[in-house]
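Participant: Give me a model of this one.
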Amino acid sequence: MKTLNFPFGKEKLQYTFDDCLAGVLESSINDYKPEAGEIELVKNAMAKPEGSEPLSVLAKDKRNIVIIASDHTRPVPSKVIIPPMLNEIRSVNRDAKITILIATGCHRGTTKAELIAKFGEEIVNSESIYIHDCLDNDMLVNIGTLPSGGACEINKIANDADLLIAEGFIEPHFFAGFSGGRKSVLPGIAGRTTVLSNHCSEFIASPYSRTGNLVNNPIHNDMLWAAKRAKLCYVVNVVLNEKKQVIYAVAGDVEAAHKKGTDFLSSLCGVKAVPADVVISTNGGYPLDQNVYQAVKGMTAAEATVKEGGVIIMLAASDDGTGGDHFYHQLADEADINKTMELFLSRKRNETVPDQWQAQILIRILLKARVIYVSDMPDEIIEKMHMLPAHSLEEALTKAKALLNNDKPSVVAIPDGVSVMVR
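Facilitator: Take a look at the predicted model:
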């Protein structure tokens, strides 16, 4: 018997397994003991930046400084990161104009309440904050052509900066390899057409566009090119544990600092696949499991270890719904997912439509295994998205056994599907 806790929204779902449990895939990140407290880790990283001069040197005499910050869909502890960045800039340049540019990518705009939750009232009320809108053409400027062939359009506030820097966090990413670093620019502050080109079906289908891999990853190559072209010269990135606490921090050059962070993460998050009939996964709880769109990430961890024809049980509260009409209708409006996949793969790089990549990955998963989706969402919505609805882990396991016609299927648990790299 083994009892496990699965993050679900802001709560935990607890379940006790019998001898059917074939394995628990967890990173060792939660066993890692940080060398200092959260704020001290950030300050120490900033004191010894990788491949870059300190921020205090970079900021001296600069008139227009822009800090790219994450949006509400990322658990980046901005309250811990942004104040040291502001303090270091103002220690040498009190007159600089500083703008915090919220990297929404193609997500909806961040609300004031969400900004306060991320930064605290003092920063929200005293600093200049601008929320990026990927569809606002008046605020976009073309800075060149991506390796993928698409136009690289970014927010003009970033382009007009004489010092562009960013905060962020590093975690395994299901097609970019890792989050953090260069992703602050693309997709963070890019125009929608730029994101669409980068997220094309050809690149999503590449065997190199997978969790934990940057080598020959065409999506990563585009992102890094865009960050360098935008002159993103300094980042502060952190690594978080399951409690969303900072356990490691890096600062400095966008490529060098990011590599140091990904090397650290790789040493802790790699786990060996254990093939199983049923694989249970999560998206790490709030805020990453707010919708179905985001939950696809946690499903890819299960995809890497579930047997062909098996069942994936995905636990995601999804209080914010499906995550977008484009994503929903690409799945819901066609009964045959094979036809939808063929349509996606027929589109060229510059013909990508919004959210196609997420639907493409979900269909890839569905072509390998059936998915039972545990949430509080209406059953008919989940069913239209080609998944089976459930409202508890117990109900999901009962349904999985019926689907497999097996009362004792082998089960693998992945308590946090976005924190592991299953190999």
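Participant: So residue 341 belongs to a helix, correct?
Facilitator: Yes. In this structure, residue 341 lies within a helix as judged by DSSP: H, G, I helix; E, B strand; the rest coil.
Participant: That one contacts residue 360, correct?
Facilitator: Yes. A contact is recorded between residue 341 and residue 360 when judged using CB atoms under 8 Å, the distance being 6.9 Å. From N, CA and C alone the C-beta is placed, and that goes for glycine too.
Participant: If you count surrounding residues, which of those two has more?
Facilitator: Neighbours of residue 341 and residue 360, each counted by other CB atoms under 10 Å, are more numerous for residue 360; the result is 25 against 19.
Participant: just how off-centre is whichever strand or helix holds the more buried one within its chain?
Facilitator: According to DSSP states H and E, residue 360 maps onto helix 356-366. Helix 356-366 sits 16 Å away from the centroid of its parent chain (CA atoms, centre = their mean, to the nearest Å).
Participant: can you state the direction angle for the next helix or strand after it and helix 356-366?
Facilitator: Under the assignment DSSP H and E, the closest C-terminal helix or strand after helix 356-366 is strand 370-374. Here strand 370-374 runs at 110 degrees with respect to helix 356-366, directions being taken by axes from the mean of the first three to the mean of the last three CA atoms, to 10 degrees.
Participant: mind listing what's buried in strand 370-374?
Facilitator: Counting neighbours by 16 or more other CB atoms under 10 Å, one finds that the buried residues in strand 370-374 are 370-374.
Participant: Would you mind giving the domain segments of the protein?
Facilitator: When the chain is parsed with automatic domain parsing, its domains come out as 2-25+273-422, 31-268.
Participant: correct me, but residue 74 touches residue 287?
Facilitator: Yes. Taking contact to mean CB under 8 Å, the distance of 7.2 Å between residue 74 and residue 287 places them in contact.
Participant: What segments of the stretch 201-350 of the chain are helices?
Facilitator: Assigned by DSSP state H, counting those that start in this stretch, the helices in the stretch 201-350 of the chain fall at 201-205, 218-229, 254-269, 292-303, 325-332, 337-346.
Participant: Comparing these, which stretch has the densest surroundings?
Facilitator: helix 292-303 (a mean of 26; mean count of other CB atoms under 10 Å).
Participant: Give me the distance from that one to the chain's centre.
Facilitator: Relative to the chain's own centre, helix 292-303 is displaced by 11 Å; criterion: CA atoms, centre = their mean.
Participant: which residues sit in contact with the closest residue to residue 288 other than its chain neighbours?
Facilitator: Spatial nearest neighbour of residue 288, excluding adjacent residues (CB to CB, 6 or more residues apart in numbering): residue 294 at 5.6 Å. By CB atoms under 8 Å, 6 or more residues apart in numbering, the residues touching residue 294 are 73, 283, 288, 316, 323.
Participant: so where do the strands sit in the stretch 101-250 of the chain?
Facilitator: Counting by DSSP state E, counting those that start in this stretch, residue ranges of the strands within the stretch 101-250 of the chain are 128-131, 140-145, 151-155, 163-169, 172-173, 177-178, 232-240, 246-252.
Participant: Sort out which residues of stretch 394-408 are buried, please.
Facilitator: By neighbour count, with 16+ other CB under 10 Å as the criterion, the buried positions of stretch 394-408 are 396-397, 399-401, 403-404.
Participant: would you list the residues you listed in a markdown table and tack on distance to residue 353, secondary structure and pLDDT?
Facilitator: Shown next, in a markdown table, are the buried residues of stretch 394-408 (distance: CB to CB, whole Å; DSSP: H, G, I helix; E, B strand; the rest coil; pLDDT from 0 to 100):
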| residue | distance to residue 353 | secondary structure | pLDDT |
| --- | --- | --- | --- |
| 396 | 31 | helix | 98 |
| 397 | 36 | helix | 97 |
| 399 | 32 | helix | 98 |
| 400 | 33 | helix | 98 |
| 401 | 38 | helix | 97 |
| 403 | 32 | helix | 98 |
| 404 | 35 | helix | 98 |
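Participant: Out of those residues, which is nearest to residue 345?
Facilitator: When the buried residues of stretch 394-408 are ranked by distance to residue 345 (CB to CB), residue 403 comes first, at 27.6 Å.
Participant: Surely the closest one is in contact with residue 370?
Facilitator: Yes. Look at residue 403 against residue 370 with CB under 8 Å: they come within range, at 5.9 Å.
Participant: which other residues reach stretch 8-21?
Facilitator: Outside stretch 8-21, the residues within contact range by CB under 8 Å, 6+ apart are 1-6, 282, 285-286, 289, 315-317, 319, 374, 392-394, 408-413.
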